[in-house]
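> How does the following fold in three dimensions:
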Amino acid sequence: MANGGSNGRKLLITVLYMVAVCSAVPISDLLDRASQHSDKLHSLSTTLSHELDSHFPPVGRMIMPRPAVCHTSSLQTPSDKEQALQVPESDLLSLARSLLQAWVDPLGVLSSSANTLPHPAQSKIINKIQELQEHSKSLGDGLNILSGKMDQAAQTISSLPYRGGGNDGQDRISKLTKFNFLLSCFRRDSHKIDSFLKVLRCRAAKLQPHLC
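Below you'll find the predicted structure:
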């Protein structure tokens, strides 16, 4: 029992040390790290989408919902880089954090659905989904630290609940279509997150807009 208490204190000291170290890191360096994670996140989702496309039946494309049905579509975000450059830094970080938080549960759904996905590259897909979850967690932790260095607006996270995890369909095409649609929504949002963080990194470096 005493040993458990000692281990608990050591863990607490380690966590506090890491928080202190991260708090001392300049915003520009934190944004560099966050951008690396977001870039990897979008790259992984793109690679995974291409993997799925290789065995996605044409009829699935015809019945797949439009992007407007994605559970994050209600969040008002800049439509391009020019608009993103006009958004205050704290609000832009809040948007990135809101999108990332909205994918905690859906990524879990993708992970569980991948275990029964009727696709010849199933094992590779399972591994890549796990990588997405790991990078999302790491990025989320980094953005939480970043938000603490900015004003109150950066602390705000919009609620974007996901309610589509109940039934993934019984037939092969239904399963593939639902999985592909959910992944396409994530790919779209990971691109937004990556774009917002790159704009923030650019502005932190005080570069001219045309260089961003």
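> ok, and the closest non-adjacent residue to the most centrally placed residue in the chain?
Nearest to the geometric centre of the chain sits L100, at 4.1 Å (Cα atoms, centre = their mean). Closest residue in space to L100, ignoring its immediate chain neighbours: G140 at 5.3 Å, by Cβ to Cβ, 6 or more residues apart in numbering. The C-beta positions use only the backbone N, C-alpha and C, and glycine is treated the same way.
> Could I get the CA-only coordinates of the helix or strand hosting L99 as PDB?
Assigned by DSSP states H and E, L99 belongs to helix 89-101. Only the C-alpha atoms of helix 89-101 are listed here, as PDB (Å, rounded to 0.1, in the frame of the first residue of the first chain):
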ATOM      1  CA  GLU A  89      -6.200  33.800 -32.900                       C
ATOM      2  CA  SER A  90      -8.200  32.600 -29.800                       C
ATOM      3  CA  ASP A  91     -11.300  32.100 -31.800                       C
ATOM      4  CA  LEU A  92      -9.400  30.100 -34.400                       C
ATOM      5  CA  LEU A  93      -7.900  27.900 -31.800                       C
ATOM      6  CA  SER A  94     -11.300  27.400 -30.200                       C
ATOM      7  CA  LEU A  95     -12.600  26.200 -33.600                       C
ATOM      8  CA  ALA A  96      -9.700  23.700 -34.000                       C
ATOM      9  CA  ARG A  97     -10.300  22.400 -30.400                       C
ATOM     10  CA  SER A  98     -14.100  22.100 -31.000                       C
ATOM     11  CA  LEU A  99     -13.600  20.100 -34.200                       C
ATOM     12  CA  LEU A 100     -11.000  17.800 -32.500                       C
ATOM     13  CA  GLN A 101     -13.100  17.200 -29.500                       C
END
